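S.K.: Structure for the following, please:
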Amino acid sequence: MYSENTFEENSYEELFYDRLTQLRSAKKVSARDMSLSIGQNPEYINGLENKKGLPSMTVFFYICDYLNVTPKEFFDESIVCPEQFKNLYQDMQELDRDDLQLLWTLTKRLQK
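M.R.: Prediction:
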């Protein structure tokens, strides 16, 4: 059995650490508060963000739940603020055709 980490495994670990920090910061919550909220010791999230281990699958699901993201969204770097994206999508579903067109036009203007 090959015991050394491959490039892909290392890059997924780095993605985990970076994404955890990004999503927690976007939620504007301290690492300590997040740790306590998911039932861990006060330094748990700080330890993860400092690359001192990886969570169990159960704790990873608690992290996702706390951040209000699915595991897929957690690893999708193209969605910078998944929680806001979901809220925007839900709000857009209630708009009529004209308002959606206006929103699309505004979005294109903001992208310039």
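S.K.: Ile100 reaches Met92, doesn't it?
M.R.: Just to correct that, residue 100 is Leu rather than Ile. Yes - Leu100 lies in contact with Met92 (Cβ atoms under 8 Å); the separation is 6.7 Å. The C-beta positions use only the backbone N, C-alpha and C, and glycine is treated the same way.
S.K.: In this structure, where is pLDDT below threshold?
M.R.: Within the chain, the stretches with pLDDT under 70 are 1-10.
S.K.: can you give me the helices for it?
M.R.: Under the criterion DSSP state H, helices of the chain are mapped to 7-27, 31-37, 44-49, 57-67, 71-75, 82-92, 97-111.
S.K.: could I get those helices as CSV with mean neighbour count?
M.R.: Output for the helices of the chain, formatted as CSV (neighbours: other Cβ atoms under 10 Å):
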stretch, mean neighbour count
helix 7-27, 14
helix 31-37, 17
helix 44-49, 20
helix 57-67, 16
helix 71-75, 15
helix 82-92, 13
helix 97-111, 10
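S.K.: count of residues packed around Cys81?
M.R.: A count of nearby residues for Cys81, using other Cβ atoms under 10 Å, gives 14.
S.K.: how close does it sit to Gln22?
M.R.: 9 Å (Cβ to Cβ, to the nearest Å).
S.K.: How about Leu88?
M.R.: Relative to Gln22, and taking Cβ to Cβ, Leu88 is found at 18 Å.
S.K.: How about Arg32?
M.R.: Arg32 is 18 Å from Gln22, by Cβ to Cβ.
S.K.: same question, Leu103
M.R.: Leu103 sits 26 Å away from Gln22, going by Cβ to Cβ.
S.K.: Spell out which residues sit in contact with Gly53, please.
M.R.: Gly47 (Cβ atoms under 8 Å, 6 or more residues apart in numbering).
S.K.: From Thr21, how far out is it?
M.R.: 15 Å.
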